[in-house]
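> Give the three-dimensional model of this entry:
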Amino acid sequence: MPTPSNQVIETAVAPHVVGRDVATDTLFSMPTIDPASGRFSGPMPPANGGVVAFVGEFAGAVIKPEQGGELSMRLDSITPGQWSTTACCAVGSEGFTTNYFLTLKSPTDSFKVTAPINTSYNFPGPDLVADSSFFPALTVDPEVAQKYEGNPPFVLSAFGAVQVPSPGVNGGWGMGCFAGDITALVGSTVALAQCPYNGSRWFNGPSPQQNETMADPNGGNCIPNAGGSTTTLAATGTCDLTAFNNAGQLTGVDVISQAREYAYFNGQWRNMPWWTGTVHRGADYNVYWGAGGVIDSVVDVSHNVVVPFSGAMGSTWGVLNGTNPGVAGGYDGQAAVLTMVDIGCVEPIKSAFSPGMDQRIPCEGGTAALENTAVLSDVALFKDVPENAQTAAVSGQGFIIYVVGDVFLMQMTALPAEGAVWALRTYAGAITGGKGPGSGDTGQPYRFTPAVNPFTAVGATVKVEFGVVNQVTATTTNDLSQVHTVPDPYYVQSAYEASTDQKLLKFVGLPEKAIIRIYSVSGVLVRLLEHDASQYASTSQSQGSEFDWDLRNRNNQVVASGVYFYHIESGDARRVGRFTVVNFAQ
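Numbers count the residues shown, from 1 in each chain. From the prediction side, this is the model:
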């Protein structure tokens, strides 16, 4: 309802993303992309896909200034699920619910909740799904609650929401290019040839002290589904897959290969981003190396949280080595030779989503648990369909590293030295244009369009600090200048009336308390009305800044047609106005 003209309600809201007690949203803003080189200017900012707020816009009217405080939502953990689709792709596309485990806090209490999201992917996207958890946030002062007909204790509600964009713009860019998600995001028609150069990129860290140095960091990619083939993609000759280097550069690393669905791999590799998209996010990560191939820690710089290590894939990190028992005779059928598809023997893919990547190659070595130590062993790079891994020739030595939804095969001759720092940059959004050895020059400059960055950083907190000014000031002449009548002229009846035998004209823009005197054009007092909006009772004619007049005089007779004057008195302020009535005699 409209508030009185002399009631001041101001709400100051300061949202933050906080990691380890540091507000990270004040550290990084959205970087630009160099149109010639495809390098980002700096780190990715923290998520904007986590929201915590009061329900509705009524809070400012009922919160007292001394009740200011904060609301917060902390992400405790994630059980990754899978996007489902009814558009195609029956194998492995039934969908599994993603559960985000949250701690919601108000100034007086905290609540552990689960936000289950059953993600439905209807390409072209980019679809955005969300789940909201409501919680009691603040008990309103009994005096204020009664003013608005609330029975003490009256409690304001708040909500915490997690938003997740489609996998086609959140890590699954090969699928997003082919399926049209990138076209939907950038808001224009984008040909397949315009969006191959998407992907995460590595560079010598740490971030943000260091930045990308490689031009065309994803240049090894090729055009998704070039030639329309689903099995012999590279046979079209549009993409040279012999180098396999498509995800930046690191000192001492010969090949960094990130499998792109509908490009390097076909078959059911498209199911990978359908579930990694539920944990993936835009962020900069630092990987800190210890002695003997041990990774001491992985830190999400954008959210200032330590990424947890896990033997399974999720909002976590881990290393898959060729020496892992699960790789021996694993997904690719080659004992002790590590190929990209061996990641299919790691949970949760092995149990929940297999045979989603390919039905024909079992994990003969059992489950492969990720490790925190890298070991060099034989690796093989291959292209087209996953079963080609069975005959892929050894190309060198290396290991696979998994970081929060991204999978990379690293080929090198020596492990990183103790104290080395690798930096990884990934994003939610889409890159169009660019050039590289894979598909050549698109003829367009690099352009970056961000999507909603999902709140998947375990350990991070979305915090909203709020303060309120809620007071009734002395009425001024300026307050009364807002007063007028509706409708004007009043003609027979108004839209406010329920039937033809009822009359209703409104005085609007009133202060909290006022006396309204209505005079005829000859100066005769027609009616005196007392407006008091200190109580917002639904049974009262006086509601906030409005007062309803039934067009009857002091003798309870409907007034005649004519011009009338009103005199408003409120405190020391006065105002005179006029209105017209065109009426039928009763």
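
> all helices for the stretch 201-350 of the chain, in order.
271-276 (DSSP state H, counting those that start in this stretch).

> Equivalent analysis for the chain, please.
59-62, 142-147, 173-179, 181-186, 271-276, 477-480 (DSSP state H).

> Pick out the shakiest of those, pLDDT-wise.
Set side by side, those give their lowest mean pLDDT on helix 59-62, at a mean of 62.

> circling back: what about the helices of the chain, which gets the closest to residue 449?
helix 181-186 (4.8 Å; C-beta to C-beta). Quick note: C-beta positions are derived from backbone N, CA and C, even for glycine.

> Output the helices of the chain in a markdown table, with mean neighbour count and distance to residue 48 appended to each entry.
Below are the helices of the chain laid out as a markdown table (neighbours: other C-beta atoms under 10 Å; distance: least, C-beta to C-beta, whole Å):
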| stretch | mean neighbour count | distance to residue 48 |
| --- | --- | --- |
| helix 59-62 | 20 | 22 |
| helix 142-147 | 15 | 33 |
| helix 173-179 | 30 | 19 |
| helix 181-186 | 24 | 15 |
| helix 271-276 | 28 | 20 |
| helix 477-480 | 17 | 39 |
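
> now for those helices, which one comes closest to residue 36?
That would be, of these and by C-beta to C-beta, helix 181-186, which comes in at 19.1 Å.

> Put the alpha carbons of the closest one into CSV.
The C-alpha trace of helix 181-186 is given here as CSV (Å, rounded to 0.1, in the frame of the first residue of the first chain):
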residue,chain,number,x,y,z
ASP,A,181,23.1,-22.3,-26.5
ILE,A,182,25.8,-19.9,-27.4
THR,A,183,23.6,-18.4,-30.1
ALA,A,184,20.8,-17.9,-27.5
LEU,A,185,23.3,-16.3,-25.0
VAL,A,186,24.8,-13.8,-27.4
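
> Can you give the contact residues for it?
Helix 181-186 is contacted from outside by 123-126, 166, 168-169, 173, 175-176, 189-190, 195, 198, 429-430, 432, 447, 449, 451, using C-beta atoms under 8 Å, 6 or more residues apart in numbering.

> Touching, residue 508 and residue 483? I think so.
Yes: judged on C-beta atoms under 8 Å, residue 508 makes contact with residue 483 at a distance of 7.2 Å.

> Show me which of the two is the more surrounded one.
residue 483 (21 against 15; other C-beta atoms under 10 Å).

> could you check the distance from the more buried one over to residue 573?
10 Å (C-beta to C-beta, to the nearest Å).

> Same question for residue 185.
Counting by C-beta to C-beta, the gap from residue 185 to residue 573 is 54 Å.

> With adjacent residues omitted, what lies nearest to residue 322?
Counting by C-beta to C-beta, 6 or more residues apart in numbering, residue 322 lies nearest to residue 377, which is 3.1 Å off, once chain neighbours are set aside.

> With residue 338 instead?
Going by C-beta to C-beta, 6+ apart, residue 338 has residue 322 as its nearest residue, at 3.7 Å.

> Now for the one you found, how many residues are close by?
Residue 322: 25 neighbours (other C-beta under 10 Å).

> Could you number the chain from 478 rather than 1 from now on?
Yes, from this point I'll number from 478; that puts the last item at residue 799.

> Tell me if I'm right that it and residue 886 touch.
No: look at residue 799 against residue 886 with C-beta under 8 Å: they stay out of range, at 10.7 Å.

> Now the common contact residues for the two.
815, 856, 876.

> Closest to residue 841 out of the residues you listed?
Using C-beta to C-beta, residue 815 comes nearest to residue 841 of those, at 14.7 Å.

> Domain parsing of this protein, as residue ranges.
What automatic domain parsing lists as the domains of the chain is 677-904, 954-1059.

> Turn the ones you listed into a markdown table, including distance to residue 638.
As requested, those are exported to a markdown table (distance: least, C-beta to C-beta, whole Å):
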| stretch | distance to residue 638 |
| --- | --- |
| domain 677-904 | 15 |
| domain 954-1059 | 29 |
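
> Point out the most buried one among those domains.
domain 677-904 (a mean of 21; mean count of other C-beta atoms under 10 Å).

> what bridges to the residue nearest to residue 799?
residue 875 (DSSP bridges).

> for the domains of the chain, which one sits closest to residue 517?
domain 677-904 (6.2 Å).

> and the end-to-end length of that closest one?
In domain 677-904, first residue to last residue: 7 Å (C-alpha to C-alpha, to the nearest Å).

> So which of the shared contacts of residue 799 and residue 886 is the closest to residue 935?
Taking C-beta to C-beta as the measure, residue 935 lies nearest residue 876 of these, at 23.8 Å.

> Excluding chain neighbours, what is closest to that closest one?
Per C-beta to C-beta, 6+ apart, closest to residue 876 is residue 851, 4.7 Å.

> how about the one you found, what does it touch?
Contacts of residue 851 by C-beta under 8 Å, 6+ apart are 770, 772, 796, 798, 876, 878, 892.

> Quote the end-to-end distance of stretch 731-748.
End to end - C-alpha to C-alpha - stretch 731-748 spans 28 Å.

> which stretches of the stretch 778-927 of the chain form strands?
Assigned by DSSP state E, counting those that start in this stretch, the stretch 778-927 of the chain shows strands spanning 782-784, 794-797, 854-857, 871-880, 883-889, 898-903, 906-909, 924-927.

> pLDDT for the contacts of residue 851 - can I get that in JSON lines?
Output for these, formatted as JSON lines (pLDDT from 0 to 100):
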{"residue": "770", "pLDDT": "97"}
{"residue": "772", "pLDDT": "98"}
{"residue": "796", "pLDDT": "98"}
{"residue": "798", "pLDDT": "95"}
{"residue": "876", "pLDDT": "97"}
{"residue": "878", "pLDDT": "98"}
{"residue": "892", "pLDDT": "98"}
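
> Rebuild these as a markdown table, extending it with distance to residue 482.
Formatted as a markdown table, those follow (distance: C-beta to C-beta, whole Å):
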| residue | distance to residue 482 |
| --- | --- |
| 770 | 71 |
| 772 | 63 |
| 796 | 66 |
| 798 | 72 |
| 876 | 69 |
| 878 | 63 |
| 892 | 72 |
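
> For residue 951, state which of those residues is nearest.
Each of the contacts of residue 851 was checked against residue 951 using C-beta to C-beta; the closest is residue 772, at 66.1 Å.

> Let me know the distance separating that closest one from residue 937.
Applying C-beta to C-beta, the value for residue 772 to residue 937 is 21 Å.

> my read: residue 811 touches residue 865, true?
No: counting by C-beta under 8 Å, residue 811 does not reach residue 865; the two are 11.2 Å apart.

> who touches residue 692 in this structure?
Contacts of residue 692 (C-beta under 8 Å, 6+ apart): 513, 514, 515, 516.

> quick one: it and residue 901, what's the gap?
From residue 692 over to residue 901 (counting by C-beta to C-beta), the distance is 18 Å.

> and if you look at residue 685?
13 Å.

> Perfect, that will be all.
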